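J.: Give me the fold of what follows.
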Amino acid sequence: MININHLNIDLEYARKMHADFFTCFITKKLTGKACVTSNSNNDHPNRPVFCKGYDDKSFKYQNQKDFLIKFLITQGNLNDLILGKPERLIDLNDAFKKSVDNLFNKVGVYEEYINTKKELKSKFKPNKVHCFFKDLASVLNYSILSNDKDYNSYTLTSNLGIRSCVYCNRTYTITQRKRKDVKDGRLMSPQLDHWFPQSKFPLLEISFHNLIPSCEICNSRVKSDKLFTLEDYFHPYQDENVSIDFGYRYSFMKKRYQFYFKNPSDAKILRTCKEMFIDQMYDGHSEELEDLITLRKEYSETYLDSLKSNFPDANLSDELIYLLAFGTELYEKDFHKRPLSKFKRDILIDLEVIKKETKISDTSS
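T.: The predicted structure is shown next:
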C-alpha cells in the first residue's frame, strides 16, 4: 500500500487541473452560467466549450435542480466536493443524505433508493426520486472522463504521474498515449478505483480524492464494490503516516519461502492489505524472493558497498547503486516509479543487504 501524499509527484497541479475542469462543468450544468473562474482567474485554462454558459433543459423537476444548486453552489460545498479530503467527503455525503430525505419529506428515502437493486431503480416509488438521481448523475458525470477532449482520465493520471498500482505496487500503471495523428489516442493508463463505491456514494463520483490510480486486478477483481470505512481501512490519501512491512519465512508445507506482513503501524493497514489479498498476490512472486535470498547467501552484507567501490570515479549515489543492482526504488517517495519496490526494500533490510535506516524516506528532493 502506498500513501499518495508521500510520493514525489506534483499533487497540487493535478488537484488544480481537476478542480478547474469540474468547477466549470458542474457550474454550467446547474446554473447555465460561465464558470466564475473563467473571468476572475488569468491562469484559467482556455476551454471555451466548458467555460461558455448554456441553459440545461434536461432537468425534469425544477425544485430538484434548485436543490442541487443550493447544496453545491449557494452553500459553498462545490470546492469541497471536488477537492475535499476523505474525511470531509464523508461529512458532505452525510449532510447530503439528510438533505435528500428532507427534499422528499421521507426519512431514509436516500438509503432506500441507494440499496435498491440497479434493475429495479427505475421502478422506485415515488418516481421523482429516480429522476433526481438521474439528474445527479448528469451533473456529477464521471463518464465524462472517458471521452472529453479537454480533460479526461488520461489527463488526470498523466498529471499524477503514478507509475505503479497504489494498492499492490506490483503492476505498472503508466499513462501513455498513441501518436498524435491517431484519432483515438488512448493506449494505456491505470484504472481509477472509487474508494467510496459509486453505487453507494453517487455524490462522490468525481471527487479527486475518491479516484485512486490502480491496476485492473486490484480495482476490478479484488476491491470492486467493497465498502471500506475510514475508521477501519487505509485510504491512499489519508493524512496519517501508516506503514506495514513485508517479512519472509520458510514454509515446510509448501517447501519454499513465502511472505507475511509484520510491524503494522495500526490495525487499519493490516486489515486493508488482507482484504485486498496483497499477501496472496505476493505469494505469486516467490521466485523474486528466492532471488534475493540467494543473493544474500552468495554475497556479504557489504554487497552494495563493493559495487560502489568498483566504480570509484563514477561518484555513484547509494540510491543509484541500489537501482542498478535491484531495478527498484530505495525510498518511499519513489516506490511508485517501479513495481515491487517496497517489497524488495523490506526484504533486503531483513537480509541485512541494506541498512535499516533506509526505511526513512530521503527528503533531499
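J.: got the contact list for stretch 232-243?
T.: Taking C-beta atoms under 8 Å, 6 or more residues apart in numbering as the criterion, the residues outside stretch 232-243 that touch it are 1-6, 85-86, 166-167, 195, 209, 212, 228, 230, 263-266, 268-269, 271-272, 275. Where C-beta positions appear, they are placed from N, C-alpha and C, glycine not excepted.
J.: just stretch 274-281 next, same as before
T.: The contact list for stretch 274-281, computed with C-beta under 8 Å, 6+ apart, reads 1, 167-168, 170, 217-218, 222-223, 226, 228, 233, 259-261, 273.
J.: So what's the model's average confidence on that stretch?
T.: Averaging pLDDT along stretch 274-281 yields 94.
J.: Output it in PDB with nothing but the alpha carbons.
T.: What follows is stretch 274-281, C-alpha atoms only, in PDB (Å, rounded to 0.1, in the frame of the first residue of the first chain):
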ATOM      1  CA  LYS A 274      -5.600  -8.700   4.000                       C
ATOM      2  CA  GLU A 275      -8.900  -7.600   2.500                       C
ATOM      3  CA  MET A 276      -7.200  -6.700  -0.800                       C
ATOM      4  CA  PHE A 277      -5.400 -10.100  -0.800                       C
ATOM      5  CA  ILE A 278      -2.000  -8.300  -1.100                       C
ATOM      6  CA  ASP A 279      -0.200 -11.200   0.700                       C
ATOM      7  CA  GLN A 280      -1.700 -13.800  -1.700                       C
ATOM      8  CA  MET A 281      -0.700 -11.700  -4.700                       C
END
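J.: Show the contacting residues for residue 283.
T.: Residues in contact with residue 283 (C-beta under 8 Å, 6+ apart) are 258-259.
J.: Next, it: phi, psi?
T.: In terms of degrees, to the nearest 10, the main-chain angles of residue 283 are phi -60, psi -20.
J.: quick one: pLDDT of residue 102?
T.: The model's pLDDT for residue 102 equals 97.
J.: Now do the same for it: helix, strand or coil?
T.: Classification of residue 102 into helix, strand or coil gives helix, according to DSSP: H, G, I helix; E, B strand; the rest coil.
J.: can you count the residues close to it?
T.: For residue 102, the count of nearby residues is 13 (other C-beta atoms under 10 Å).
J.: Likewise for the one 10 residues further on?
T.: Other residues near residue 112 number 13, with proximity taken as other C-beta under 10 Å.
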